[in-house]
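Chemist: fold the following.
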Amino acid sequence: MRRDVIVFDIETVVDADAARRLLRLPDLTDIEARDGLSDYFLEKTEGRNDFPRQPFHQVVAISYGHLIREPGEEGSELLMRRLATGGDNKSSEQELLEGFFQLIEKRAPQLVSFNGRGFDVPVLKYRAMAYGLSCPRWFREGDKWNNYDSRYSADYHCDLLEVLSDFGASARCSMDEVAASFNVPGKLETAGDNVREMFEAGQITAIRDYCETDVLTTMLIFLRHQLFVGALTEGSYARAILGLRNYLEAESGFRNHLAEYLQAWDQLVGA
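Modeler: Have a look, this model is predicted:
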């Protein structure tokens, strides 16, 4: 098991420049280009889906929760280290991508996501290649069966959407649905459908905050899964939850979205 655990999520909008190039309409405004790309994919799928393919998603936030796996008397312990979002409000997409892949090069952590294999990771790879970035360790780490690209290697990338559905043998539930069934906070007031409007309004901080709350929900689902499969004992699970709560309480005084998340969590616990 890998010592560093990175629970991550990304937020994206349509890359207007790429949309203009694909549509061969260089004079479109950003809004027109994003709308035009939706129309393009709607037509391509014969009206079934207007969601753009992964290469056309511009990354506007990459958030992560960093857990450390340490040996304990009962087995592994997962210690909360930090919750953060890469770069700052003025960081370019390239800078965000560089930060993410530098983390892979430096630590080679276990990645944890919700639908990361289907969306987040392909987007990150496409966008990194668009900027000419490199991450050799992604492809050199592990062996033939256990590596970042192996679908069934949860030690390198635990995609909870895949794992919880037994890799498609049962229905793939949304993160919000799983959160509701597990009695942990899901979406608060913001959802992924709001990100484009927020981006076009210049609300980058709000997007970054929203992305962090999705990471927290992913982390709580992950911890529950780790308890179920025996990677955490009841005692180590309880300590991991307490550590996360203590972190949120310490940070909530100057990070309002964490205070709101903690409040939502308290309401569920008290319900």
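Chemist: wait, isn't Arg196 in contact with Leu37?
Modeler: No: between Arg196 and Leu37 there is no contact under C-beta atoms under 8 Å: 11.4 Å. The C-beta positions use only the backbone N, C-alpha and C, and glycine is treated the same way.
Chemist: leaving out chain neighbours, which residue sits closest to Leu37?
Modeler: Ala19 (4.0 Å; C-beta to C-beta, 6 or more residues apart in numbering).
Chemist: list the buried residues for the helix or strand containing the one you found?
Modeler: Element membership for Ala19 (DSSP states H and E) is helix 16-23. For helix 16-23, the neighbour count (16 or more other C-beta atoms under 10 Å) marks Ala16, Ala18, Ala19, Arg20, Leu22 as buried.
Chemist: what mean pLDDT does it have?
Modeler: On average, the pLDDT along helix 16-23 is 97.
Chemist: ok, and what's touching it?
Modeler: 26, 28-30, 33-34, 36-37, 40, 52, 55-56, 58 (C-beta atoms under 8 Å, 6 or more residues apart in numbering).
Chemist: repeat the analysis, applying 6 Å as the threshold.
Modeler: Residues outside helix 16-23 that contact it (C-beta atoms under 6 Å, 6 or more residues apart in numbering): Pro26, Leu28, Asp30, Ala33, Arg34, Gly36, Leu37, Phe56.
Chemist: after that helix, next one along is what?
Modeler: Counting by DSSP H and E, what follows helix 16-23 is helix 30-44.
Chemist: tell me what whichever helix or strand comes after that next one is packed against?
Modeler: Next along the chain after helix 30-44, taking DSSP H and E as the criterion, comes strand 57-72. Judged by 3 or more C-beta pairs under 6 Å, 6 or more residues apart in numbering; DSSP states H and E, the packing partners of strand 57-72 are strand 4-14, strand 75-85, helix 93-107, helix 204-229.
Chemist: make JSON lines out of these and add distance to Asp149 and mean neighbour count.
Modeler: JSON lines is the format used below for these (distance: least, C-beta to C-beta, whole Å; neighbours: other C-beta atoms under 10 Å):
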{"stretch": "strand 4-14", "distance to Asp149": "16", "mean neighbour count": "24"}
{"stretch": "strand 75-85", "distance to Asp149": "25", "mean neighbour count": "17"}
{"stretch": "helix 93-107", "distance to Asp149": "12", "mean neighbour count": "17"}
{"stretch": "helix 204-229", "distance to Asp149": "20", "mean neighbour count": "21"}
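Chemist: so can I have CSV of the ones you listed showing distance to Asn147?
Modeler: Below are the helices and strands packed on strand 57-72 laid out as CSV (distance: least, C-beta to C-beta, whole Å):
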stretch, distance to Asn147
strand 4-14, 16
strand 75-85, 21
helix 93-107, 12
helix 204-229, 20
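Chemist: now stretch 188-207: buried residues?
Modeler: For stretch 188-207, by 16+ other C-beta under 10 Å, it's Leu188, Thr190, Asn194, Val195, Arg196, Met198, Phe199, Gln203, Ile204, Ala206, Ile207.
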